[in-house]
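# Model the following, please.
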Amino acid sequence: MMGRKGKILILLDIFVRSVLAALVSVLSFIAAFLIRFEFNVNTPVFDVWFSAYANNVIRLGAIAFFSFISVELLYRIGRWKFFNNLFKIFASTLLLEIATYIYMLGQIQRISRSIYIISFLLVFFLLLEEGVLARFFLAEIHRFKRRRKQGKIEEGVAESRKIGYLEQLDKLPLATIKSKIEGRNIMISGAAGEYGSALARTLLRFKVRRLILVDTNATKICELYNSLKEVAGEVKLAAYVTDIRKTAEMTTIFERYRPHIIFHAAGHEKYIDNKENRREFISANLCGTKKMVALATKNLAERFVLISRQDASEPFVMRLKRREEQVVAHAQKKSKTQFGVYRFEIAKNDDYEWEQIAEKTFELFAHKEEREISE
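Numbers count the residues shown, from 1 in each chain. Predicted coordinates:
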């Protein structure tokens, strides 16, 4: 169920965009006023248009506000395509107004005065973007706060240096890390992704007993397995193409290998705001995390690390990530397994940067005080 803050955020977003819808009508009247008197436009069509706004600007603004907020509420409550089409019709009427502006400015040959429609265009595109308030304001505030806290969260973490990957890894307190990783069976869910692949390659630096790689992408997991096999040495490898939500298959894997440490990096990253994708996103991320936490607890794993990207801009994704972290925090109270969360920002498509991100994960094991998430 959506929390109280989430509902307030949605209502606030609808209200703001409804106000913007009304503002569009007011801007239309203002633009008409400026064009008429500054350019001395006198045409029958323009007079009719101008008179309509001059005599009904308040009514038109109110109609725009209430029609927009009604369509938004009905669309959110029912999630019906019919109302989505109404929204498109409403947007298309705004496009007609833009075309009218451009036509009039072209007729009077004063294109340089198009500054009058810039504000209109900005409002129009903001109206088309669902979640405008959260995306452009609250998301940025949230990201700013997270970055300020990052120094505290990652206290003791070495800053990225433009030196070789192996050289940087050697600067970590390897003795402490090795004592907590050496000889363990380690599972990586989402192993075929950029982070999972980099983490698997990094783990080969330590004398782990076995790497258990789990992912749904058969092609990539096979490529990763083959590339690791060439340099694995004494480290045993196991790769499985399966979905972490398949309880029976995951239970078999857990019971067979009894992983000591689980790095949970599986889940969808790209989010498209529609009903079908939202359900799948919740299932793959939140439900998947719950199942992995339950299996780790049941099989007495030593550690469970939830991998969480911290630069999500979608309000829904931010709430879901927070919920995942709460699941981990709640499990810590009832389990002997040590749970933690490792957050990082999205790297470029660069192997070196992904290696650095994966490398910093091990600093969770390098300090006596574990940085765990709390509710």
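
# Between the two ends of stretch 196-212, how far is it?
11 Å (CA to CA, to the nearest Å).

# In that stretch, which residues are buried?
For stretch 196-212, a neighbour-count test (16 or more other CB atoms under 10 Å) marks 196-203, 205-206, 208, 210-212 as buried. For the C-beta atoms, the positions are set from N, CA and C on the backbone; glycine is no exception.

# Show me those that map onto strands.
Of the positions in these, 210-212 sit in strands, assigned by DSSP state E.

# Which one of the buried residues of stretch 196-212 is nearest to residue 263?
residue 199 (6.0 Å; CB to CB).

# Got the domain ranges for the protein?
Using automatic domain parsing, the domain parsing of the chain gives 4-130, 164-364.

# Lowest average pLDDT across these?
Ranked on mean pLDDT, the bottom entry among the domains of the chain is domain 4-130, at a mean of 57.

# what about the helices in the stretch 201-350 of the chain?
Taking DSSP state H, counting those that start in this stretch as the criterion, the stretch 201-350 of the chain carries its helices at 218-229, 247-257, 275-282, 288-298, 315-334.

# tell me which of the buried residues of stretch 196-212 is nearest to residue 282?
Taking CB to CB as the measure, residue 196 is the one of the buried residues of stretch 196-212 closest to residue 282, at 21.2 Å.

# Could you double-check that the closest one sits in contact with residue 187?
No. Applying CB atoms under 8 Å, one finds residue 196 not in contact with residue 187, separated by 10.6 Å.

# overlap in contacts of these two?
Contact with both residue 196 and residue 187 is made by residues residue 263, according to CB atoms under 8 Å, 6 or more residues apart in numbering.

# The residue lying closest to residue 259 once chain neighbours are set aside: what's it in contact with?
Distances taken as CB to CB, 6 or more residues apart in numbering place residue 187 nearest to residue 259, at 3.9 Å, with adjacent residues excluded. Contacts for residue 187 (CB under 8 Å, 6+ apart) come out as 212, 214, 253, 257, 259, 261-263.

# same thing but at 10 Å, please
The contact partners of residue 187, taken as CB atoms under 10 Å, 6 or more residues apart in numbering, are 210-214, 238, 240, 250, 253-254, 257-264, 292, 295-296, 301, 304.

# do the same with residue 288
Counting by CB under 10 Å, 6+ apart, residue 288 has contacts 189-190, 243-245, 250, 264, 266-268, 282, 324.
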